[in-house]
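[1] let me see the structure of the following:
(chains A and B)
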Amino acid sequence: MDFKTLSLSTALCTIAVPLIAQEACVGSLGTLNVIAQGMPAVTALDAHLAEFNDKWDTEVKITLLGENERRAKSRLDASTGAGSYQVIYIDEANLAEYVEAGWVHPLADVVPDTYDLGDFRTDLSNVATVDGVQYFAPFVGGGDVMMYRKDLLEAAGIAVPTTLDDMVAAIKTLNDADNGAYGWSARGQRGSGMNVWRWTPFFRAMGGEWMDGDAPAFNSAEGVKATELYTDLMSYAPPGVATFNWSDSVEAFRGGQVAILIESDVFGPWMEDPAKSAVVGKVGYAPPPAPLPSAGWAHGWAISKVGASEDCEKTIAGDFVGWATSKEMEQNRINAGIASDIGRVSTLQSDGYKALVPQEYIDALLATGPKTSLLIMASPAWPEIGDNLGLALEEVFSGTRDDVQGALAEAAFFAEDSLARLK
Amino acid sequence: MTRNTFVRLTLVPAIALLATLALVSIGGAIWFALSNRTLRSPDYDFVGAYNFLRLLRDSRFFNALEISALWEVITVSGTLGLAVLLSVLIYETVQKPLWRNLICFAFLVPVLLPRVAAAFIWRFMYSPSLGVINYLCGLLGIGPVEFLADPSLALMSVAVVDIWQWGLFFTVIVLKLMETLPRDPIEAAMLDNARRWEIHAYVTLPMLKGPLISLALVKAVESLRSFDLIFVMTGGGPGKATETLDLYAYQMGINMGGRISYASAMSLLLLLVTTIAFTIIWKAGKKWAA
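    Numbers count the residues shown, from 1 in each chain, chains lettered A, B, ... in the order given. Next up, the predicted model:
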């Protein structure tokens, strides 16, 4: 056999083997069970499911649940070995638990290369990755973006802040509470996904670490410093900020009351909605000023090792995840006017997406990507630890207690118990 | 078949159903409370009274108990106070049946509003920067007032919404009860030159003692189920300022912690405390009404 024949045979095998494997699996799985949360990217799939069902002669059944119920059901399905779901919906808060328990396949092992896994946004892939291996295909998520009022900064002769110190100075200068204009807004309401989520970048920027060996360490000097700065900035925010959730904060900004806001980047398009925003065209977007990192989050689909243990189950479930998060599917959503759930770089660069949001916002997203990572504690006990930390922070923010060190120490003491229960 | 046997037999299915529903859930809660189950894993161990003993050392639990008691006192007394005040006022000032009926109809609207919807509306109205209440306060030169973010105001601010929903509804009931009272004692008091407020304080309201006690108990039971209102308006905050027992049990058992055994122990203690408290109040009320 000469080199030419060998090359041709290898190429043919590369194409033919997967096709033969695919052919063998058609009709082998009556129902592909998928667990999900009702995000636009999920509900928009309904219109296209027939295409996938025809391809594999199967029926995709998507069970929609609320966030906590979805987490509890996926966990029980995997931990009890029931394996009713081949595809599970996963996020940044429970990835560590699933990987540690060995409940999910590495994405590249089951999703075909044709779906171009390298095209997922870096910020989302980072969150979906543990020890260099990506475990879920993200279709919504992101990091943080600093939104600022271009008109107010320009009028005050302030350059766009690129450092935390600059930002703090700008917030203080732009604050004019007597006239209902505030320099800043933030989340104050307790919760691991609420005030803790926004406080964490400050904590990490100060050099804070969650753990020191096996012991919780967020009651460190860095934790205290971050809390004091966060609390201080709240005095330049609208009244009631101590219990603001993300919605209150975002509404205050797009209501025109706030000059600078750091929030999850998915809220960027909200500012450009003429029906609901009083600041359309006045908002600038930039990455969070250094050394603030960007708090990465992502939701996506993974293939369950428990639910998809057979070859054909893996093949069909892997193809579903690839298909449902593909470039083409994202373009379908863009064509339907859905600009919120974007998982791929190619979509960010597409003309359809550019028509829906300002270029400056897209640039900020791409610039924020490299500084985005998972900032929360990567532990199965995190939801409980974070929730309790959120309570301590809210007590400090609302003035119920002024002993920052004591509040953090109490939360760390509670965390010891939560971590001990994992062992 | 005697009449008594027939009555007992017909009661059996309903009582059996109610007993099953109550006993199975209480039995389940006891079983859970004696183990260390979490939502994270199907594995668990039997831990005896550990969860109950831990509760006795849990300052957040005692805070929740105190907030629950405060919530009960404020909402029950506020609702009944408002109902009595408004019903007397309407009884005295609005004589035309058409107007009375229109007012009653308007007063029924708040209670027909779903709790969650009412909570969102009021949360927005309370907003220090966008809310209408703070706008009005601003016209009077007050504020902005942080109704839901100030720990000293938050519980009262949420209670106002509860009283607004139920106080107006109870006003309609008390007004209709007053309309059914016999006129003779009232006319006798008028002949004795009693003033308006004296007639109500010493004649009409004492005649309504029994129904008012029943209303108070109904409201007390209803107030125990205000989870949705508080959850939407403050989530238990700021800090722990509005965290009632059911909210704490939810936070521990369902929301983030997933410690369903601990939450079950909490629910059982709540059941015990309320059963004792209601029995005492019921007996005292019966004595007072007699």
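
[2] what does the stretch 51-200 of chain A put close to chain B?
    A:68, A:72, A:75-76, A:79-80, A:97, A:180, A:188-192 (CB under 8 Å from any CB of the partner chain). C-betas here are computed from N, CA, C, even on glycine.

[3] switch the cut-off to 6 Å
    When proximity is defined as CB under 6 Å from any CB of the partner chain, the stretch 51-200 of chain A approaches chain B at A:A72, A:S79, A:T80, A:Q189, A:R190.

[4] number of nearby residues for the second one?
    Think A:S79. 17 (other CB atoms under 10 Å in any protein chain shown).

[5] repeat for the fourth one
    Each residue near A:Q189 was counted by other CB under 10 Å, and the total is 27.

[6] name the nearest residue to it, ignoring sequence neighbours.
    If you skip the residues right next to it in sequence, A:Q189 has A:N245 as its closest partner in space, 4.6 Å away by CB to CB, 6 or more residues apart in numbering or on different chains.

[7] farthest pair within the residues of the stretch 51-200 of chain A next to chain B?
    Looking at these by CB to CB, the two members farthest from one another are A:T80 and A:Q189, with 34.0 Å of separation.

[8] and the residue in the stretch 51-200 of chain B that chain A sits nearest to, how many neighbours does it have?
    Residue nearest to chain A within the stretch 51-200 of chain B (CB to the nearest CB): B:P128, separated by 3.4 Å. The local packing count at B:P128 equals 22, with neighbours defined by other CB under 10 Å.

[9] residues in contact with the residue nearest to it when sequence neighbours are not counted?
    Leaving aside its sequence neighbours, B:P128 sits nearest to A:P239 (CB to CB, 6+ apart; 3.4 Å). If a contact means CB atoms under 6 Å, 6 or more residues apart in numbering or on different chains, then A:P239 has B:P128, B:P144, B:E146 as its contacts.

[10] 10 Å - rerun?
    Applying CB atoms under 10 Å, 6 or more residues apart in numbering or on different chains, we find A:P239 in contact with A:177, A:180, A:182, B:127-129, B:134, B:143-147, B:149-150.

[11] how near is it to A:A186?
    Using CB to CB, to the nearest Å, one obtains 13 Å as the distance from A:P239 to A:A186.

[12] equivalent analysis for A:A78, please.
    Distance check for A:A78 against A:A186: by CB to CB, it reads 36 Å.

[13] again with A:M167
    Counting by CB to CB, the separation of A:M167 from A:A186 is 12 Å.

[14] okay, and the common contacts of the two?
    Contact with both A:M167 and A:A186 is made by residues A:L233, A:I262, according to CB under 10 Å, 6+ apart.

[15] so what's the residue nearest to the spatial centre of chain B closest to, chain neighbours aside?
    When CA atoms, centre = their mean is applied to chain B, the residue found nearest the centroid is B:S223 (1.5 Å). In space, B:S223 comes closest to B:T75 once its chain neighbours are excluded; the distance is 4.5 Å by CB to CB, 6+ apart.

[16] likewise for A:L164?
    Per CB to CB, 6+ apart, closest to A:L164 is A:P289, 5.3 Å.

[17] OK, contacts around that neighbour?
    By CB under 10 Å, 6+ apart, the residues touching A:P289 are A:146, A:160-168, A:170, A:205, A:260, A:262.

[18] for it, give its distance to chain B.
    Here A:P289 is placed at a distance of 25 Å from chain B (CB to the nearest CB, to the nearest Å).

[19] just the pLDDT at that residue, thanks.
    Residue-level confidence at A:P289 comes out at 96, pLDDT.

[20] and the residue of the stretch 201-350 of chain A closest to chain B?
    Residue of the stretch 201-350 of chain A nearest chain B, by CB to the nearest CB: A:P239 (3.4 Å).

[21] let me know the secondary structure of that residue.
    Classification of A:P239 by DSSP: H, G, I helix; E, B strand; the rest coil places it in coil.

[22] check it and give its pLDDT.
    At A:P239, the pLDDT value in this model is 90.

[23] for the helix or strand encompassing B:L9, buried residues please.
    Using DSSP states H and E, B:L9 falls within helix B:3-33. Buried residues in helix B:3-33, counting neighbours by 16 or more other CB atoms under 10 Å in any protein chain shown, are found at B:A29, B:F32, B:A33.

[24] isn't the first one up against B:L268?
    Yes. Look at B:A29 against B:L268 with CB atoms under 10 Å: they come within range, at 5.5 Å.

[25] enumerate the residues of the stretch 1-150 of chain B near chain A.
    For the stretch 1-150 of chain B, the residues in contact with chain A under the definition CB under 10 Å from any CB of the partner chain are B:36, B:38-43, B:54, B:59-60, B:123-124, B:126-131, B:134, B:138, B:143-150.

[26] in helices only, show me these.
    Taking DSSP state H as the definition of helices, those contribute B:R54, B:S59, B:R60, B:R123, B:F124, B:Y126, B:N134, B:G138.

[27] what's in contact with stretch B:91-103?
    Contact with stretch B:91-103 is made by B:86, B:90, B:104, B:168, B:171-172, B:174-176, B:178-179, B:181, B:196-197, B:199-200, B:204, as judged by CB under 10 Å, 6+ apart.

[28] could you flag which of the residues you listed are buried?
    Buried residues within the contacts of stretch B:91-103, defined by neighbour count using 16+ other CB under 10 Å: B:L86, B:I90, B:C104, B:L168, B:T171, B:V172, B:V174, B:L175, B:M178, B:I199, B:H200, B:T204.

[29] show me what contacts the second one?
    Contacts for B:I90 (CB under 10 Å, 6+ apart) come out as B:W99, B:R100, B:I103, B:C104, B:F107, B:T171, B:V172, B:V174, B:L175, B:M178.

[30] tell me which two in the residues you listed are the farthest apart.
    In terms of CB to CB, those reach their longest pairwise distance at B:W99 and B:V174, which sit 17.3 Å apart.

[31] what's around residue 99, how many residues?
    Reading this off chain A. When neighbours are counted by other CB under 10 Å, A:V99 registers 20.

[32] not what I meant, chain B
    Neighbours around B:W99, by other CB under 10 Å: 12.

[33] and residue 96, what's its pLDDT?
    This is for chain A. What the model reports as pLDDT for A:A96 is 82.

[34] wait, chain B
    At B:K96, the pLDDT value in this model is 90.

[35] neighbours of it, just the number please.
    Neighbours of B:K96 under the rule other CB under 10 Å: 8.

[36] got the phi/psi numbers for it?
    Backbone torsions of B:K96, given as degrees, to the nearest 10, read phi -70, psi 130.

[37] still on that earlier bit, now distance to A:G27 too, for the buried residues of helix B:3-33, in JSON lines please.
    Compiled in JSON lines, these are given as follows (distance: CB to CB, whole Å):
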{"residue": "B:A29", "distance to A:G27": "47"}
{"residue": "B:F32", "distance to A:G27": "44"}
{"residue": "B:A33", "distance to A:G27": "49"}
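
[38] sounds good, over and out.
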